[in-house]
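Novice: Okay, structure incoming, though there's no sequence with it:
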Ligand code: SF4
């Protein structure tokens, strides 16, 4: 039996990643994901004024700063028990959606599809067509994605002044009210994106697309010329041609915090969240007390078992030559490794087409990417609803300023669905300053290492069993890891032989 | 053609994302028409990583010419000066930057992290982060103050958190064209840093008449109470709008001074420190006594529409 170790480097926005895999007869038998960057955001927060989190935490990630801002502000609002006017919630949702559309487009067409342009696929029937659409910097869809994703974030700039990294959500609301100029400008952006999405990405009207509700219906639709020739049709044909619908299930358990706060009932979510138990197929309501984080295999000061983020600890303890191997912690939901992202969001949220495809083939690399493109339709519908509701009466308040006396000591958390999945911030305020701050990012769930029970995280599970045709260019692993939207910069970097490190189990 | 290699160190990816928002020139335009040959960019290059490693090697040994090295992110030097908190396959990124910098025609620090250390260098600075040639406002960082690139330039600091999209693409276009780029005392290209954020802010009329907000969400100026650093911060945010649309101060978000070496300040970021009624820090170059005299007059002269905050911003 031929056994090889491969170290694959990954580079990404929220820290860098390397993946160490062991191949037995060309099949991955073990994988470890290694976070290679430590920056210490949670320490930087300690002792600062509570609202400083609204400036500092968006800078955790250059691609989803709005999501961090949203989580941070919800955590403070919970700690201070503040009401929020409905229009502020609408504006927050609108901006989060704009950031999400940006992400979903860029992740799909700037980071995922370029892998299909690999010369290895030159003999595939779809290759020429695919190059026309997806070739980096040249393909039509690639270039349009650059232009349209740039447009999408103009919506954030209307209310936040800029994208990325602004701090326009404050406890009690947002800094800028809706007005005729801003709303019409946002609508123009949305119209342009929707037209392009319908014509180029899915090859159908939004309503028809959302009405598709079963796997059979999709597969026959995939044969229709308009969809077959669309960007998603091309993606589906090539991905399925490569068998990605049979690859990389990973953990069957999924987590969603629910998408977009309800403007009238901000505790509720417009798309419901929950925990999908992959063993029973049941969805349980979300209980954030079930979340904990393990550090048994991470370079942090050890503690037994897992800790809930509100008691979390993040004390670096770098031990490069031990059985600990990453700067990522291992978050668990009731001891279970889970995956999160658009697939979890739509499956738990009740999209009939995703439910049907999941029932047929289970979680897989193609479906994850497919769900991301499908989610754009929901984003467009919800953004339009927010704009319509905002335009009813511009004189409604956009912020209830709490005043200094409301800024009491206490604890709070903010949970939202970021573009890449479940994001949570937990804050504790003591003597008017931040005494504890813990962030659990979507990528932390997906890229988690082994926990104190030795249970591997989602990516580590996804990779096991994958056949790698050419260890010199293990492109299959690129497809799989990228289908998880591991962060903008997460190009899977393939390493040839040479420096090998072994991580003992 | 000017060859360009982009490296990320302790970063959030913000500059890589932001540069995609540039329009004049856009990143695509920079590559197709402004003479830039992008050898590698970690988020956009689609070649296998082998090619990255080969490029890196051939630059370091001098086989491949490197005209422009862009570094995005703080230089992480922990633990104990080894830089291993930020590594690439066991090598400290810090050491990779040092090696590439020796070969580069010019080194560009993209963003405040790479320029000065940035948000990761905020107290207690758990990663012992510094900038490429500054440690916050002190000269020196990864490279000593007297260090110069092959073209004879110190590290060019394209500051901002994130850097403004056009400050990035226009600087690169100028460098690729071989133009000389006068720098200010913090080694930032003067063309983008000799204006203050306050210039062009739509709240300026409120500022002139000293009509100030006490709480966020209003129309007036954010200087006296809400921590706005616009009058002291050099950047193009209000003269070249973000995403072609707006700026933080226009949207009612105080300027946090993110192009400055001391960003983020240690103080409460949404408050203006004052002695009595008077902010500790006044607009760039302004004399305290005169400013106060002028402000009192201005407030008395404020037209009702400004006093009543009727004017949209
Ligand atoms: S808000 Fe800031 S930048 Fe705008 S006028 Fe006031 S001080 Fe100047």
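Specialist: In hand now; what should we look at? Remember, predicted model here, so these are calculated numbers, not experimental data.

Novice: Now do the contacts for the nearest residue to residue A:177 once chain neighbours are set aside.
Specialist: Spatial nearest neighbour of residue A:177, excluding adjacent residues (CB to CB, 6 or more residues apart in numbering or on different chains): residue A:398 at 4.2 Å. All C-beta atoms are positioned from the backbone trio N, CA, C, and that covers glycine. Neighbouring residues of residue A:398 by CB atoms under 8 Å, 6 or more residues apart in numbering or on different chains: A:85, A:87, A:88, A:91, A:173, A:174, A:175, A:176, A:177, A:178, B:217.

Novice: measure residue A:398 to residue A:261 for me?
Specialist: 15 Å (CB to CB, to the nearest Å).

Novice: again with residue A:130
Specialist: 39 Å.

Novice: Then residue A:470?
Specialist: To residue A:261, residue A:470 is 47 Å away according to CB to CB.

Novice: Report the contact partners of residue B:265.
Specialist: Listed by CB under 8 Å, 6+ apart, the contact set of residue B:265 reads B:256, B:257.

Novice: contacting residues for the nearest residue to residue A:113 once chain neighbours are set aside?
Specialist: Nearest residue to residue A:113, sequence neighbours excluded (CB to CB, 6+ apart): residue A:134, at 4.2 Å. Residues counted as contacts of residue A:134 (CB under 8 Å, 6+ apart) are A:109, A:113, A:114, A:116, A:117, A:141, A:142, A:231, A:234.

Novice: which residues does residue B:28 contact?
Specialist: Taking CB under 8 Å, 6+ apart, we find residue B:28 in contact with A:137, A:143, A:146.

Novice: can you tell me which of those lies nearest to residue A:420?
Specialist: Of all those, residue A:420 sits closest to residue A:146, with 20.4 Å by CB to CB.

Novice: Sort out for me which of the contacts of residue B:28 are in helices.
Specialist: A:143, A:146 (DSSP state H).

Novice: so can I have TSV of the contacts of residue B:28 showing pLDDT and neighbour count?
Specialist: Shown next, in TSV, are the contacts of residue B:28 (pLDDT from 0 to 100; neighbours: other CB atoms under 10 Å in any protein chain shown):
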residue	pLDDT	neighbour count
A:137	92	16
A:143	97	16
A:146	96	19
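
Novice: buried stuff in the helix or strand encompassing residue A:192?
Specialist: With secondary structure defined by DSSP states H and E, residue A:192 is part of helix A:180-196. Within helix A:180-196, the residues scored as buried using 16 or more other CB atoms under 10 Å in any protein chain shown are A:182, A:183, A:186, A:187, A:189, A:190, A:193, A:194, A:196.

Novice: The fourth one and residue A:173, how far apart?
Specialist: Taking CB to CB as the measure, residue A:187 falls 22 Å from residue A:173.

Novice: if we can go back for a sec, distance to residue A:256 for the contacts of residue B:28 - can I get that in CSV?
Specialist: Below are the contacts of residue B:28 laid out as CSV (distance: CB to CB, whole Å):
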residue, distance to residue A:256
A:137, 34
A:143, 33
A:146, 30
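
Novice: out of the contacts of residue B:28, which touch the ligand?
Specialist: Residues of those in contact with the ligand (CB under 6 Å from any ligand atom): none.

Novice: from the contacts of residue B:28, which is closest to residue A:46?
Specialist: For the contacts of residue B:28, the nearest to residue A:46 is residue A:146 (39.6 Å; CB to CB).

Novice: how close does the nearest residue to the closest one once chain neighbours are set aside get to residue B:20?
Specialist: Among residues not flanking residue A:146 along the chain, residue B:28 sits closest, at 6.1 Å (CB to CB, 6+ apart). Separation of residue B:28 from residue B:20 (CB to CB): 9 Å.

Novice: anything in contact with each of these two?
Specialist: Taking CB under 8 Å, 6+ apart as the contact rule, the neighbours common to residue B:28 and residue B:20 are residue A:146.

Novice: you'd agree residue A:124 is up against residue A:238?
Specialist: Yes. Assessed by CB atoms under 8 Å, residue A:124 is found in contact with residue A:238 at 7.0 Å.

Novice: More neighbours: those two, which one.
Specialist: residue A:238 (23 against 15; other CB atoms under 10 Å in any protein chain shown).

Novice: Could you say which helix or strand holds the more buried one?
Specialist: Secondary structure from DSSP H and E places residue A:238 in helix A:231-241.

Novice: elements contacting that helix?
Specialist: helix A:127-134, helix A:215-222, helix A:225-229, helix A:365-390 (3 or more CB pairs under 8 Å, 6 or more residues apart in numbering or on different chains; DSSP states H and E).

Novice: most packed of those?
Specialist: Stretch with highest mean neighbour count among the helices and strands packed on helix A:231-241: helix A:365-390 (a mean of 23; mean count of other CB atoms under 10 Å in any protein chain shown).

Novice: tell me what that one is packed against?
Specialist: In terms of contacts (3+ CB pairs under 8 Å, 6+ apart), helix A:365-390 is packed against helix A:86-106, helix A:180-196, helix A:206-211, helix A:231-241, strand A:259-261, helix A:342-349, helix A:352-361.
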